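[1] sharing a model that was predicted from the sequence below.
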Amino acid sequence: MAIIQPFRGWLPKPEHADEVACVPYDVINTEEAKELAEGKPNSYLHVIRPEIDLPDGTPFNDDKVYQKGAENLKKLLGSDLFLQDEKPAVYIYQMEVDSHTQTGVYTCASVQDYDNDVILKHELTRPDKEDDRTRHILTQEAHAEPVMLTFRDSEDISFQIEKITITQPPFIEHEGEGGVTHRIWKTFATAEMVKGFADVAKLYIADGHHRCKSASRVAEQLRKERNVFPGEAEFEYFPVVLFPMSQMKILPYNRVIKSVTKEKFNSIKKEYGLIPTDQKEPEQKGAVSIYFDETWWSMKLPAAASQKVSASLDVARLQDGFLNPVFGIENPRTDQNINFVGGIRGTKELEKLVDKGSYDLAISMYPTSIRELLDVSDQGELMPPKSTWFEPKIKSGLIVHTF
């Protein structure tokens, strides 16, 4: 049984959505955020990347960064750009690009559901990133960005969504990067949607593990400070967008290796049976395409290291049977010899990084499926880091949850 909580969202007035909306904090670095926010004083980047308004070199976890974020949010919500709904609402969020459309429910989920494994995880979180997000939430007294969750398709919920989207125009329609159209509807008749999710057994984190964990930590801390019971206060709930699993689109999360000599590559080619190929993206599960010295090669992945569901993933077979034994990469989260490139950047980005000498070798992956994500989560297992890249991305700044 999943709990959803309608809330009084802060939304930009429709005519201001374009100047406010921005990409999520975790898909860009500080330099990119500063460039995107140039000449845009109302961009939500000033809230989620407040270091761009401080002197260069300011550490990301400096007290001034969190204070600036809270100041920027207060200023933005207090301006004539935003309005807060007078009553709790449920919002419908739709993203459309080319032939792909996904439509979900933008609402709040319960921290208790996260703590009690109604909301299932598939990745470990890093304490330093938890600390950072937790401080942002506490200082701003807001969950500035939503988490992307998925669930097994429900005819009832689909009917409730369609009933809203076909009977009224969207409140906000925003044309974002990459040709993605973002639409938001809202309804104050929330009882049927709440009831529909009460029949959903499990929710699954697609994107936003650190935001979930940080929301849980915030609730735990504030319960003690304010002497309230679990579930009573608004900080017990955090914003999520719930998409049916059939609509989710996952791109591969590709890898690049920094140091590979020709001698080493020749040894790899012989040991792993690499074959020259014109296929820059593998056509099926169980294979990868490797780029080295201006040539693409096809490689069949080694067998799974165990019977675990997570071990059968291509990213796990690559890690266990190739990256670790060949390059000594035991922990890809911290090893400086490997980096990750989201599939949205394509194989041209891989070629660019290798050709200009930033890395010596690139690996193009076959995408993890949404079914694999659910299976791993249901078993209580964990995926290797950077296993999935969900696309399109939810825009930040279009709905804000405060407490």
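    Ah, there it is.
[2] doesn't P384 belong to a helix?
    No: under the criterion used here (DSSP: H, G, I helix; E, B strand; the rest coil), P384 is coil, not part of a helix.
[3] that one against V315, yeah?
    Yes: here P384 reaches V315: they are 4.8 Å apart, a contact under CB atoms under 8 Å. Any C-beta I mention is one placed from the backbone N, CA and C, and that applies to glycine too.
[4] between those two, which has more neighbouring residues?
    Comparing P384 with V315 by other CB atoms under 10 Å, the one with more neighbours is V315, at 26 against 22.
[5] can you mark which positions in the helix or strand harbouring that one are buried?
    If you go by DSSP states H and E, V315 is part of helix 314-318. By 16 or more other CB atoms under 10 Å, the buried positions in helix 314-318 come out as D314, V315, A316, R317, L318.
[6] so P55: helix, strand or coil?
    Under three-state DSSP, P55 comes out as coil.
[7] the helix holding V315: how far from the chain's middle?
    21 Å (CA atoms, centre = their mean, to the nearest Å).
[8] show me what that helix is in contact with.
    253, 255, 285-286, 288, 301-305, 310-311, 363, 365-366, 368, 383-384, 386-387 (CB atoms under 8 Å, 6 or more residues apart in numbering).
[9] now do the strands in the stretch 301-403 of the chain.
    Under the criterion DSSP state E, counting those that start in this stretch, the stretch 301-403 of the chain contains strands at 338-342, 361-364, 389-390, 401-402.
[10] ok, which stretches of the stretch 1-150 of the chain are strands?
    Going by DSSP E, counting those that start in this stretch, the stretch 1-150 of the chain shows strands at 4-5, 10-12, 82-84, 90-97, 100-110, 119-120, 142-143, 147-151.
[11] which stretch among the ones you listed comes nearest G178?
    strand 90-97 (6.5 Å; CB to CB).
[12] residues making contact with stretch 340-348?
    Stretch 340-348 has contacts (CB under 8 Å, 6+ apart) with 27, 178, 251-256, 280-281, 289, 291, 332, 349-350, 353, 362, 364-365, 367, 385-386, 389, 391.
[13] give me the buried subset of those.
    Buried among the contacts of stretch 340-348 by 16+ other CB under 10 Å: 251-256, 281, 289, 291, 332, 349-350, 353, 362, 364-365, 367, 385-386, 389, 391.
[14] dump the strands of the stretch 1-150 of the chain to JSON lines, plus distance to T190 and mean neighbour count.
    Shown next, in JSON lines, are these (distance: least, CB to CB, whole Å; neighbours: other CB atoms under 10 Å):
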{"stretch": "strand 4-5", "distance to T190": "9", "mean neighbour count": "22"}
{"stretch": "strand 10-12", "distance to T190": "16", "mean neighbour count": "23"}
{"stretch": "strand 82-84", "distance to T190": "16", "mean neighbour count": "14"}
{"stretch": "strand 90-97", "distance to T190": "5", "mean neighbour count": "22"}
{"stretch": "strand 100-110", "distance to T190": "8", "mean neighbour count": "22"}
{"stretch": "strand 119-120", "distance to T190": "20", "mean neighbour count": "22"}
{"stretch": "strand 142-143", "distance to T190": "19", "mean neighbour count": "24"}
{"stretch": "strand 147-151", "distance to T190": "17", "mean neighbour count": "23"}
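[15] returning to what we had before: now, which of the buried residues of helix 314-318 sits nearest F82?
    Once CB to CB is applied, the member of those that ends up nearest F82 is V315, at 40.2 Å.
[16] all the strands of the stretch 151-300 of the chain, in order from the start?
    172-175, 181-187, 203-207, 237-244, 250-251, 253-257, 275-276, 287-292, 295-300.
[17] out of the strands of the stretch 301-403 of the chain, which comes closest to A37?
    Across those, A37 has its closest neighbour in strand 338-342 (20.9 Å, CB to CB).
[18] in that closest one, what's buried?
    Per 16+ other CB under 10 Å, strand 338-342 contains these buried residues: I338, N339, V341, G342.
[19] pick the one among the residues you listed closest to W296.
    Checking the buried residues of strand 338-342 one by one against W296 (CB to CB), the nearest turns out to be V341, at 15.4 Å.
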